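Asker: model this:
(one chain, ligands or ions: 2)
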Amino acid sequence: MPETPAQTTATALWPAPTASEAVDATVHVPGSKSVTNRALVLAALASEPGWLRRPLRSRDTLLMADALRAMGVQIEEGVGPDGTGEAWRVLPTGLNGPATVDVGNAGTVMRFLPPVAALADGDIRFDGDPRSYERPLHGVIDALRVLGARIDDDDRGALPLTVHGSGALDGGPVEIDASSSSQFVSALLLSAPRFNQGVEVRHIGSTLPSLPHIRMTVDMLRAVGAQVDTPESGGEPNVWRVTPGALLGRDLTVEPDLSNAQPFLAAALVTGGRVLIPDWPVRTTQPGDRLREIFTEMGGSCELTDYGLVLTGSGSIHGIDVDLGDVGELTPGIAAVAALADSPSTLRGVAHLRLHETDRLAALTKEINELGGDVTESADGLHIRPRPLHGGTFHTYDDHRMATAGAVIGLAVEGVRIENVATTAKTLPDFPDLWTGMLGV
Ligand SMILES: O=C(O)C1=C[C@@H](OP(=O)(O)O)[C@@H](O)[C@H](O)C1
Ligand SMILES: C=C(OP(=O)(O)O)C(=O)O
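Answerer: Ligands and ions are numbered 1, 2, ... in the order given. As a prediction, the model looks like this:
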């Protein structure tokens, strides 16, 4: 019997469907990972209960919820007070150890929670997937030590580690090099209202990736009543200050994950079709909003209507020369579209992707080239010269965005099989069903 996507196991090969005609679909994309995990942390640190509506339910967000629960926070999963859709109630009842936190391979969990643990009373042990041991964490660990925390990390500056929480943290000024991950800055800012002196974070590295994600942190802190000074609000370049103070419990509706909307929008571009993503926010800090501009330059046209974002493909896909430093998590999906374009592309500014779920620059190069492509790595990006591709196995290296990138290529290339499509569970467990639903297969 042929395997259906729902039956696919972690190691099975998922035959990526080719599109026999132009896609015409509406795709409801679940909530943002980055917003859900920030909202959970802020609600756990608040002085009153809060609600999260339409939270993302995926591996990364369930790991975050479980970790906060392990430290004593109550998170009740259910439907909202008006009965519409999923809503989680967060009761910030205490932060206590001893506890063990499984970070999986979630950057948000491994970076946002050690500062929270420093505020807990007791030992909090952090462990995770093998890859989490290799992902940079030194910026958070070193900064927390400067701010008064006691941490045992075998001197590797990485996981596994134990934070010996003492119920409070001094806080104050700290210098960090966040060139390997913006999440170092976000992590320190998110917990800072609860530090005795708040925090002043000064980034001293040469580059700083993913600035929109830092803006998301600042916006969400302000929305729960925190006072934050930023470079954009007249402060010094590369310096963020958070004043100590109580945080409000909020009733927050999570926006759809615009980075997870990417493969579906790419489908409209690749097939010359039309895809509507309902509830696309008019104003957002999510990096995925840049797709409107990037996919327009690559040949699509975008319209933000009362119903959401509509992307219409023209039947042609153009190459692009673009710095993706602000929006690095979009790189695998853009590389997939670029491999199918009518001219070469250069993707720049994303050296830090080598330290993501996998070395994404190496993985994209190898997997697209194995299908007959012509991709070369530069120090900070990719050169992609489109060539006719053929079928084959597309390996994912436990990286959700490799799986969705492979599916985009599979739309136009017969016989692409995705190894471990189940890895999309990190941020989009419904991916195979949403994908076949969009294609009507
Ligand atoms: O703060 C966040 O929610 C994120 C920040 C970015 O991390 P890096 O700055 O490490 O790239 C991004 O790539 C990641 O997917 C989510
Ligand atoms: C880099 C990513 O995730 P993480 O939050 O684990 O860093 C991503 O989702 O593309």
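Asker: pLDDT below threshold where in the stretch 51-200 of the chain?
Answerer: By pLDDT under 70, the low-scoring segments of the stretch 51-200 of the chain are 81-84.
Asker: Write out the residues of the stretch 1-150 of the chain neighbouring ligand 1.
Answerer: Ser34, Gly107, Thr108 (CB under 6 Å from any ligand atom). For glycine as for every other residue, the C-beta is placed from the backbone atoms N, C-alpha and C.
Asker: what sits against the last one?
Answerer: Contacts here follow CB atoms under 8 Å, 6 or more residues apart in numbering; on that basis Thr108 touches Lys33, Ser34, Asn37, Arg38, Asp60, Met64, Gln183.
Asker: Please go through the residues you listed and note which also touch ligand 2.
Answerer: Of the contacts of Thr108, not one also sits near ligand 2 (CB under 6 Å from any ligand atom).
Asker: buried subset of those?
Answerer: With burial judged by 16 or more other CB atoms under 10 Å, the buried subset of the contacts of Thr108 is Lys33, Ser34, Asn37, Arg38, Asp60, Met64, Gln183.
Asker: How about the last one, nearest residue that isn't a chain neighbour?
Answerer: Which is Gln183. In space, and not counting its chain neighbours, Gln183 is closest to Arg111: 4.1 Å by CB to CB, 6 or more residues apart in numbering.
Asker: what about that neighbour, helix or strand, and which?
Answerer: helix 107-118 (DSSP states H and E).
Asker: buried sites along stretch 228-241?
Answerer: Buried residues in stretch 228-241, defined by neighbour count with 16+ other CB under 10 Å: Val228, Asp229, Thr230, Trp240, Arg241.
Asker: Tell me both backbone torsions, phi and psi, for the second one.
Answerer: Its backbone dihedrals place Asp229 at phi -100, psi 140, with angles given as degrees, to the nearest 10.
Asker: for the first one, same thing?
Answerer: The phi/psi pair for Val228 (degrees, to the nearest 10) reads phi -130, psi 130.
Asker: what's the distance between it and ligand 2?
Answerer: To ligand 2, Val228 is 21 Å away according to CB to the nearest ligand atom, to the nearest Å.
Asker: which residues touch that residue?
Answerer: Taking CB under 8 Å, 6+ apart, one finds Leu189, Val218, Leu221, Arg222, Trp240, Arg241, Val242, Thr243 in contact with Val228.
Asker: What distance do you get for the third one to Asn238?
Answerer: Spelled out, it's Leu221. To Asn238, Leu221 is 18 Å away according to CB to CB, to the nearest Å.
Asker: can you list the residues of the stretch 301-441 of the chain near ligand 2?
Answerer: Contact residues, the stretch 301-441 of the chain versus ligand 2 (CB under 6 Å from any ligand atom): Glu329, His356, Arg401, Thr427.
Asker: can you count the residues close to the last one?
Answerer: Same thing as Thr427. 26 (other CB atoms under 10 Å).
Asker: list the contacts for Ile368?
Answerer: Shown in contact with Ile368 (CB under 8 Å, 6+ apart): Ala335, Ala336, Ala339, Val375, Ile384, Leu389, Ile409.
Asker: Quick check: which element contains the second one?
Answerer: It refers to Ala336. Of the helices and strands defined by DSSP H and E, Ala336 is found in helix 331-338.
Asker: gap between that helix and the chain center?
Answerer: Relative to the centre of its chain, helix 331-338 is centred 16 Å away, using CA atoms, centre = their mean, to the nearest Å.
Asker: go on, stretch 425-441?
Answerer: Offset of stretch 425-441 from its chain centre (CA atoms, centre = their mean): 18 Å.
Asker: Export it to PDB, keeping only CA atoms.
Answerer: The C-alpha trace of stretch 425-441 is given here as PDB (Å, rounded to 0.1, in the frame of the first residue of the first chain):
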ATOM      1  CA  ALA A 425       7.300  19.200  13.400                       C
ATOM      2  CA  LYS A 426       9.800  21.600  14.900                       C
ATOM      3  CA  THR A 427       7.600  24.500  13.800                       C
ATOM      4  CA  LEU A 428       4.900  23.100  11.400                       C
ATOM      5  CA  PRO A 429       3.700  19.600  12.300                       C
ATOM      6  CA  ASP A 430       0.900  19.800   9.700                       C
ATOM      7  CA  PHE A 431       3.200  20.600   6.800                       C
ATOM      8  CA  PRO A 432       2.700  17.400   4.800                       C
ATOM      9  CA  ASP A 433      -1.100  17.600   5.000                       C
ATOM     10  CA  LEU A 434      -1.200  21.400   4.400                       C
ATOM     11  CA  TRP A 435       1.000  20.800   1.300                       C
ATOM     12  CA  THR A 436      -1.100  18.000  -0.200                       C
ATOM     13  CA  GLY A 437      -4.200  20.000   0.700                       C
ATOM     14  CA  MET A 438      -2.900  23.000  -1.200                       C
ATOM     15  CA  LEU A 439      -2.200  20.800  -4.200                       C
ATOM     16  CA  GLY A 440      -5.500  19.000  -3.900                       C
ATOM     17  CA  VAL A 441      -3.700  15.600  -4.000                       C
END
